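K.L.:
Below is the sequence, then the predicted model.
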Protein chains: 2
Amino acid sequence: MLITTVGLDADDTLWHNETIFRLTQDRLRDMMAEFAPPETTNARLAEVETRNLRLYGYGVKGFTLSMIETAMELTGHNPPGRLIADILAAGREMLQEPVEPLPGVEAALAELSEHYRLVLITKGDLLHQEQKLAASGLGDLFAAVEIVSEKDASTYRRVFDRHGTGATEAVMCGNSLRSDILPALEAGCWGAYVPYPVTWAHEVAELPGEHERFVELGSISELAGWVRGRS
Amino acid sequence: MLITTVGLDADDTLWHNETIFRLTQDRLRDMMAEFAPPETTNARLAEVETRNLRLYGYGVKGFTLSMIETAMELTGHNPPGRLIADILAAGREMLQEPVEPLPGVEAALAELSEHYRLVLITKGDLLHQEQKLAASGLGDLFAAVEIVSEKDASTYRRVFDRHGTGATEAVMCGNSLRSDILPALEAGCWGAYVPYPVTWAHEVAELPGEHERFVELGSISELAGWVRGRS
């Protein structure tokens, strides 16, 4: 069976992302310390994020708005001193965080790009994802970049029809079972799961059972060898 | 000379947008009345927006963050009662505003789509623009949709190469000289300018001088006739 196209998730597959959200969330918890115990801040933020997801979608700007909303609620709408300004600044810092490819990513993409069409498929804020890709220095290795609002089976069918030879001849590689693997398998793709040490609660899902098109890899460095074995 | 492809801006070309931003800005001025005269709120918001544009890009979420930042600055970081919650709510309302095509838009697009490839080209928040297109009921008339972070000449070249027969056989139609017309002309497209009653300060630009590929139309209803005349 032929594989012509390799789809790659970006956040936490090519570079750190969730870690930056977690560190910012730690800062929020510290800022809120006099108003709420850490678990309360965490729980309230998760609630607010879930409530807003349908409107805000994914990305730093929506996360910043949800942090502000959480802080207003937990301070009884009486935020002290520079609390809100500090949250705004924390959001802007996230948008300016330097981007560095995860270990092995550059070599893996360079090798894959010699034989396969690479397509970056990611959620998040449009401008921020473009800026991160530019900052990563990986842009030239991709034949196409698709920043999408949702990753479901129809997304993968559409993207691999447009930029490849269809979903059945594509593999999707990423760290999120829920966003990268399960809907790609549903679309008829291969799915190569490369776990990242932390996963956003919203992205947690069960491993698929036995599935002939699914593989879990220890690192992205194993991807090229695995794809070659399928071709 | 052949035209095969018609690019259309969305906000203030297919449906109201700037009006919704202006109305929300009016609400912010009212909320801030006890802290700053209206002109001060306007001026400070414009400053904050400009400062943040490079990081936030275009769209409601960045605008909401900039409104909050403005309110914090003008209240000396001591916002009264529900001010910040009210601004968050105003931003969410903008994201849920019903979308109705401007007069003449549906008929114009229906006529054009019979003979030309229609491509929607818009800036703003990815998810919100997709939601607005879905709500407008116009989605099926477009052969392709490109939500982009910036509209410059290279954007138009890339989009019309991908979805048409190149920039020289495309016309770009929109209400912003700065975003829709001047860079499209620079890319080698035709430019059809359909003014909207209000323009965001950031989008203001001079009319091009005499330019054989530029036309100003009184309404989008004139577009199909004008394109036919070029073909």
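P.N.:
Okay, I see it.
K.L.:
List the contacts of residue A:105.
P.N.:
Neighbour list for residue A:105: A:14, A:15, A:138, A:220 [criterion: C-beta atoms under 8 Å, 6 or more residues apart in numbering or on different chains]. The way it works is simple: take the backbone N, C-alpha and C, and place the C-beta from them, glycine included.
K.L.:
so residue A:73 touches residue A:45, yeah?
P.N.:
No. With contact defined as C-beta atoms under 8 Å, residue A:73 and residue A:45 do not form a contacting pair (9.8 Å).
K.L.:
The two: which is more packed in?
P.N.:
In terms of neighbours (other C-beta atoms under 10 Å in any protein chain shown), residue A:45 is the more surrounded of residue A:73 and residue A:45; the figures are 22 against 16.
K.L.:
Surely the more buried one is in a helix?
P.N.:
Yes. Residue A:45: assigned to a helix according to DSSP: H, G, I helix; E, B strand; the rest coil.
K.L.:
ranges for the strands of chain A?
P.N.:
For chain A, the strands defined by DSSP state E cover A:5-8, A:117-122, A:144-147, A:170-174, A:190-193, A:214-216.
K.L.:
nearest to residue B:98, of the ones you listed?
P.N.:
When the strands of chain A are compared by C-beta to C-beta, strand A:144-147 sits nearest residue B:98, at 26.1 Å.
K.L.:
the helices in chain A, which residues?
P.N.:
Applying DSSP state H to chain A gives helices spanning A:18-31, A:38-56, A:60-74, A:83-96, A:105-113, A:126-136, A:153-163, A:182-187, A:223-230.
K.L.:
in the second one, what's buried?
P.N.:
In this case it means helix A:38-56. For helix A:38-56, the buried set under the neighbour-count rule, 16 or more other C-beta atoms under 10 Å in any protein chain shown, comprises A:41, A:42, A:44, A:45, A:46, A:48, A:49, A:52, A:55, A:56.
K.L.:
wait, isn't the last one in contact with residue A:68?
P.N.:
No. In this structure, residue A:56 sits apart from residue A:68 without contact. The criterion is C-beta under 8 Å, and the distance is 11.9 Å.
K.L.:
out of the buried residues of helix A:38-56, who's nearest chain B?
P.N.:
Distance to chain B, by C-beta to the nearest C-beta, is smallest for residue A:55 among those, at 4.8 Å.
K.L.:
related to what we said a few turns ago, ok, and the most crowded of the contacts of residue A:105?
P.N.:
residue A:14 (27 neighbours).
K.L.:
Relative to chain B, how far out is that one?
P.N.:
19 Å (C-beta to the nearest C-beta, to the nearest Å).
K.L.:
re earlier: I'd like a version of the strands of chain A in TSV, one that adds mean pLDDT, distance to chain B and mean neighbour count as further columns.
P.N.:
Listed next are the strands of chain A as TSV, based on pLDDT from 0 to 100; distance: least, C-beta to the nearest C-beta, whole Å; neighbours: other C-beta atoms under 10 Å in any protein chain shown:
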stretch	mean pLDDT	distance to chain B	mean neighbour count
strand A:5-8	98	17	26
strand A:117-122	98	11	23
strand A:144-147	94	6	18
strand A:170-174	98	19	28
strand A:190-193	97	24	24
strand A:214-216	95	29	17
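K.L.:
nearest to residue B:183, of those strands?
P.N.:
strand A:144-147 (20.3 Å).
K.L.:
Which neighbouring elements make contact with the closest one?
P.N.:
Applying 3 or more C-beta pairs under 8 Å, 6 or more residues apart in numbering or on different chains; DSSP states H and E, we find strand A:144-147 packed against strand A:117-122, helix A:126-136, helix A:153-163.
K.L.:
For residue B:132, find the nearest of these.
P.N.:
Closest to residue B:132 of those, according to C-beta to C-beta: helix A:126-136, at 14.6 Å.
K.L.:
if we can go back for a sec, looking at the helices of chain A, which is closest to residue B:225?
P.N.:
helix A:153-163 (32.6 Å).
K.L.:
The closest one near chain B anywhere?
P.N.:
No. Using C-beta under 8 Å from any C-beta of the partner chain, helix A:153-163 never reaches chain B; the gap is at least 9.0 Å.
K.L.:
List the residues that contact residue A:84.
P.N.:
Per C-beta under 8 Å, 6+ apart, neighbours of residue A:84: A:68, A:71, A:72, B:68, B:72, B:77, B:79, B:84.
K.L.:
please redo it, this time with the cut-off set to 10 Å
P.N.:
A:31, A:67-68, A:71-72, A:75, B:68-69, B:71-72, B:75, B:77, B:79, B:84 (C-beta atoms under 10 Å, 6 or more residues apart in numbering or on different chains).
K.L.:
again, but for residue A:10
P.N.:
A:17, A:99, A:120-124, A:129, A:132-133, A:136, A:138, A:145, A:147, A:174-175.
K.L.:
one more time with 8 Å
P.N.:
A:17, A:120, A:121, A:122, A:124, A:129, A:132, A:133.
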